[in-house]
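Colleague: sharing a sequence plus its predicted fold:
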Amino acid sequence: MKSPSSRRARNLKLLQIRFPVGAIASASHRISGAILLLSLPVLVEAFARSLSSEDAYEALLSAARSPFGIIALLLPCWAIAQHVFAGIRHLPMDVGIGSDLPLARRSAWAVLAGGALGTAILLGGCCQETVRRLAAVGLATSSSHLSAAVSCRALDRHRKPARGRRRHRLGQRWGF
C-alpha cells in the first residue's frame, strides 16, 4: 500500500490545469482588485501632474497615446471593468441568488465578457470621445480653460440644449 505522500503531485503545472469558469471569474476579481490598489497612486499622481500646467498635460497626453501608454492604460481599465462586473455578480450570490451551478456559470461568462467589453469602452470610446469633445469646444489649447475641460459640466455648458426639452430646475441650480 502506498503512503498518501507518494500519491501527491510532484510538479503541479498550473497552465495545464483547466479551471472552471467560476474559478477564473473569482480569481480575476481578486487580481483586478489588487491591480486597482496598486495603480491608484500612479493614476492620482498622473492626474495631479496633468492639472499642474498645460505642458504637463500635453506630455501626459502624448505619453498616453504611445504604444506603451496604451498598454499601461489597458491594465487599469480592465481592472475597473472586471472588478465592477464581478462585484455586481457577487452581490446577489451573497444572499443566495444565482448560486446554483448553471446560473453561476452563465454569470461568470457574463462577467468575463463584460470585463472585456467594458475595457474596450473605457479605453477606446471614452478617450476618443473626450479628445473629440475638447477639440470641438476649443478647450484643448487654452491653458485658462484646461482645468474646466476636465469636468463634464464645462463641456455641457457649450452644448446646445435639446429641442423641446427643458432642464429640471434642480439641474439648472447645481449645473447638471
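Modeller: Structure received.

Colleague: drop to CA atoms for contacts and neighbour counts, all remaining ones
Modeller: Will do.

Colleague: which parts of the longest helix along the chain are buried?
Modeller: In the chain, taking DSSP state H as the definition, the longest helix is helix 21-52. In terms of neighbour count (16 or more other Cα atoms under 10 Å), helix 21-52 has its buried residues at 21-22, 25-26, 28-29, 32-33, 35-36, 39, 49-50.

Colleague: please apply the same query to stretch 96-108.
Modeller: Applying 16+ other Cα under 10 Å to stretch 96-108 flags Gly98, Ala104, Arg105, Ser107, Ala108 as buried.

Colleague: residues in contact with it?
Modeller: For stretch 96-108, the surrounding residues in contact (Cα atoms under 8 Å, 6 or more residues apart in numbering) are Val21, Gly22, Ala25, Ala86, Arg89, Pro92, Met93.

Colleague: from those, which one has the minimum pLDDT?
Modeller: For these, the weakest pLDDT value sits at Met93, with 87.

Colleague: and the pLDDT at Gln128?
Modeller: 63.

Colleague: likewise Cys77?
Modeller: On the pLDDT scale, Cys77 gets 90.

Colleague: quick check: angle from the one helix or strand it maps to to helix 21-52?
Modeller: Assessed by DSSP states H and E, Cys77 sits inside helix 67-94. Here helix 67-94 runs at an angle of 130 degrees relative to helix 21-52 (axes from the mean of the first three to the mean of the last three Cα atoms, to 10 degrees).

Colleague: fine by me, thanks again.
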